[in-house]
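K.L.:
here's a sequence, model it:
(chains A and B)
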Amino acid sequence: MATSTQTQSPLLPYGVGRFGAGWGVVFLLFLVLLAVGLYGYSRQLIEGEGVTGLRDVGTMGGAPWGLYIAFELWFVGIGFGAMMLVAAARLAHIDLLKPLVRTMCVIALATLFIGGWSIIVDLGQPVRAVVNIIKYARPMSPFFGTFTIGLVAAFAATLVYLFLDGRRDAAILARRPSRWSWLHRLAASGYTDTEVEKHRRRRSSALLAGALLVVAIVAASTSGFVFGIQQGRPGWFGALQAPGFVVLAMLTGTAATVIVAASLRSGLGEKEALGSRVFTLLNTVMLVASLVYIYFIVVEIITSSYSSSLADQRVTDALLTGEYAWMFWLSAALFIVGAALSIFRATASRSSIWLVVVAAIAIIIGALLKRYLLVVPPLTTGRLLPYADGSYSPTWVEYAVVGGLISLGVLFFMIFMKLFPILGLNDREENV
Amino acid sequence: MTRLGMVIDLEKCVGCRACMVACKVENNTPESAFWMYVFRLEDGEYPESRVSFLPRPCQHCDNAPCVKVCPVGARYTRDHGIVVTDWDRCIGCRYCEVACPYGVNYFNYKKPKELQYLNWENPDVEVHSQGEVPPYKNPVLAGKFGPEQRKVAGGGHTKGVMEKCTFCVHRVDSGLDPACVVNCPVGALIFGDLEDPESPASRAIADKPAYRLLEERDTRPKVRYIGAPVSSTAREIERPKVRN
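P.N.:
Numbers count the residues shown, from 1 in each chain, chains lettered A, B, ... in the order given. Model prediction:
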């Protein structure tokens, strides 16, 4: 049994504390990408957002929101989805997901962190924003909700859950001699595996899981409200935006978990803790969520096709047959392929993990395209006064900054993996 | 209570765009920013085509979507109904811009120096300007206005903040009409208190049917139009795509 072998080994489990050459090369690669992103952002800070492809709607014929906001929605959606899975695993006592709870917490933390930065890099006055958002807070603005509930509350709640859930494992690791034992002692913060403590841990994690679920749903909905309550922009206003965001969050959070879990299974050789049944379960979640989301897309398109507003029709035409048609249909195809693969996997006699992974990759790319399509076309083609159609092409600065943000998330994940076990230790493992 | 608004008589407007120029000069607006813009529109095909003009300042809505979404209260409605941006508080999220159906917001994407029509550091310009301060350092527009004492006029066009038509708040606070109104050669733009039946604006719409742009959006603008509404099939003659 892999886990029991690890407990007998003097080495810390799951590669904690061992910085191999392969890890170092990958780390360096992402560090370089982060540096390129930082350089791009420094140009933007010095020169202004004129170095991006963003421009004003109206006479300037541009899009004031673009790649940064599309990626922000994508990042935080993954984070909220991972939070929902963590909560579901605890509240529904899904033992299969137990080893992955910490992984999902770290996915959520990493994506919420870079999601927050995606908003910061989009702002014209980022330093002033940090002060003014607190000093002059207007809770009735959905943007404020995105900042507070969406990011701070979600991040804080996940961090606390990660801490509480990980105290026992940290205490186990702290007993083993290593250069990181001080950190594990700190994370264990005096945990003793007594019955009273176990009971407290169970209760607090259940309560917190409930809070995580509520925060994730509210936060995902708030992101939806940023668009769904806007009458001024054709293609945005609608009651389906908030639930659409929740479902897509669930879908992308699960897809990201599948991809990371498959990488860990392959990289760490964890074929037992991350067995086929785990992927079967995640596949089922993906299947249901993708079918619901495809249904949402169909409803959205049918409704907007019958809109009496010419501007709404223009946005729909741009998506279905116009400038953005290739992206829309590619996105739709990716969702359909993802759902089809999930159905095939669910009904196949032989269970392939890679089928689930391919479905997850298709879905997560489809979701990114969908986010771009939500943000950009209503800004460039959704004109209500007789302005000419606009256009938007991201510049190298935007690509570099987004690449840097993704690198930041990956580096966060890689560092965490080397400090704490990325998978939960077996409950039967040694007493603390 | 005073509600300052503007009446635009499309039957009088000749599309000369003097109001656009006056706005630019008065507020030193950067390149590509048109706080006042005049659509020159064409509808139908020659010889059955019809040309029309539509001046478009900020609509200063009573139910302003831009005010609702601002996360820090930088965009707000003053006591007299003028919707302004406190550029000293604005964080540059551009949510007001995406929420506005009229496309009246202009973000400062570059440094003020780089957004001027003239290079004020060019020695030739210095000779001709005879020591005038560059427009982006205009102390009049950079001051605080109204009882709330906030920086709401044109300002220095700081990089990374949102700006738009202020109804020339710095002039209005001194009892003057906005620059576009004063400079219109045919009197197509009329400014005044919409609550006062004796104001020029109220008198202009007293016996003529007036309408507001995009009434179905329920933004309730304080800019009223007189004359035939623009056809939904009208297109811009020049189709400018001005980018800085």
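K.L.:
which residue, other than its chain neighbours, is closest to A:I297?
P.N.:
A:A332 (6.6 Å; Cβ to Cβ, 6 or more residues apart in numbering or on different chains). Bear in mind the C-beta positions are built from the backbone N, C-alpha and C, glycine included.
K.L.:
check A:A187 too.
P.N.:
A:A170 (3.7 Å).
K.L.:
ok, what's across the strand from B:L4?
P.N.:
B:D193 (DSSP bridges).
K.L.:
against A:L374, how distant is the closest residue to chain A within chain B?
P.N.:
Going by Cβ to the nearest Cβ, chain A is nearest to B:G92 of chain B, at 2.1 Å. Distance, B:G92 to A:L374, using Cβ to Cβ, to the nearest Å: 21 Å.
K.L.:
residue ranges of the strands in chain B, please?
P.N.:
All strands of chain B, identified by DSSP state E, fall at B:4-9, B:37-43, B:50-56, B:75-77, B:83-85, B:106-107, B:162-163, B:189-193, B:210-211, B:223-226, B:235-236.
K.L.:
relative to strand B:50-56, how tilted is the second one?
P.N.:
Meaning strand B:37-43. 160 degrees (axes from the mean of the first three to the mean of the last three Cα atoms, to 10 degrees).
K.L.:
next, count neighbours for the residue nearest to A:I297.
P.N.:
Other residues within reach of A:A332, judged by other Cβ atoms under 10 Å in any protein chain shown, total 19.
K.L.:
A:R350: neighbour count?
P.N.:
7.
K.L.:
from B:V14, how far out is it?
P.N.:
78 Å.
K.L.:
check B:G156 too.
P.N.:
B:G156 sits 34 Å away from B:V14, going by Cβ to Cβ.
K.L.:
compare the two (neighbour count), which wins?
P.N.:
B:G156 (19 against 12).
K.L.:
surely that one and B:A142 touch.
P.N.:
Yes - B:G156 lies in contact with B:A142 (Cβ atoms under 8 Å); the separation is 5.3 Å.
K.L.:
tell me which helix or strand the residue nearest to A:I297 sits in.
P.N.:
According to DSSP states H and E, A:A332 maps onto helix A:325-347.
K.L.:
after that helix, which helix or strand is next?
P.N.:
Helix A:325-347 is succeeded, C-terminally, by helix A:353-375 (DSSP H and E).
K.L.:
any idea of the mean pLDDT in stretch A:235-245?
P.N.:
Average pLDDT, stretch A:235-245: 92.
K.L.:
tell me which residues of it are tucked away?
P.N.:
A:235-238, A:241-245 (16 or more other Cβ atoms under 10 Å in any protein chain shown).
K.L.:
between those, which is nearest A:V337?
P.N.:
A:G244 (19.8 Å; Cβ to Cβ).
K.L.:
shaky segments in the stretch 101-250 of chain A?
P.N.:
Residues of the stretch 101-250 of chain A meeting the criterion pLDDT under 70: A:147, A:149.
K.L.:
near chain B, which residues of it?
P.N.:
Applying Cβ under 8 Å from any Cβ of the partner chain, we find that the stretch 101-250 of chain A lies next to chain B at A:119, A:122-126, A:128-129, A:132-133, A:135-138, A:140-144, A:147, A:226, A:230-233.
K.L.:
go again using 7 Å as the cut-off
P.N.:
Applying Cβ under 7 Å from any Cβ of the partner chain, we find that the stretch 101-250 of chain A lies next to chain B at A:123-125, A:128-129, A:132-133, A:136, A:138, A:140-144, A:230-233.
K.L.:
may I ask which helix or strand encompasses the residue lying closest to A:A174 once chain neighbours are set aside?
P.N.:
Of all residues not flanking A:A174 in the chain, A:H184 sits nearest, at 3.9 Å (Cβ to Cβ, 6+ apart). Assigned by DSSP H and E, A:H184 belongs to helix A:181-188.
K.L.:
which secondary structure elements does the following helix or strand past that helix contact?
P.N.:
Later in the chain than helix A:181-188, the nearest helix or strand by DSSP H and E is helix A:195-228. Secondary-structure packing of helix A:195-228 (3 or more Cβ pairs under 7 Å, 6 or more residues apart in numbering or on different chains; DSSP states H and E): helix A:67-91, helix A:142-145, helix A:154-174, helix A:241-268.
K.L.:
now the third one: buried residues?
P.N.:
Just to be clear, that refers to helix A:154-174. Neighbour-count burial for helix A:154-174 [16+ other Cβ under 10 Å]: A:154-155, A:157-158, A:161-162, A:164-174.
K.L.:
who's in contact with the helix or strand of chain B with the lowest mean pLDDT?
P.N.:
Across the helices and strands of chain B, mean pLDDT, DSSP states H and E gives its lowest value to helix B:123-129, namely a mean of 74. With Cβ atoms under 7 Å, 6 or more residues apart in numbering or on different chains as the test, helix B:123-129 has contacts from B:118-119.
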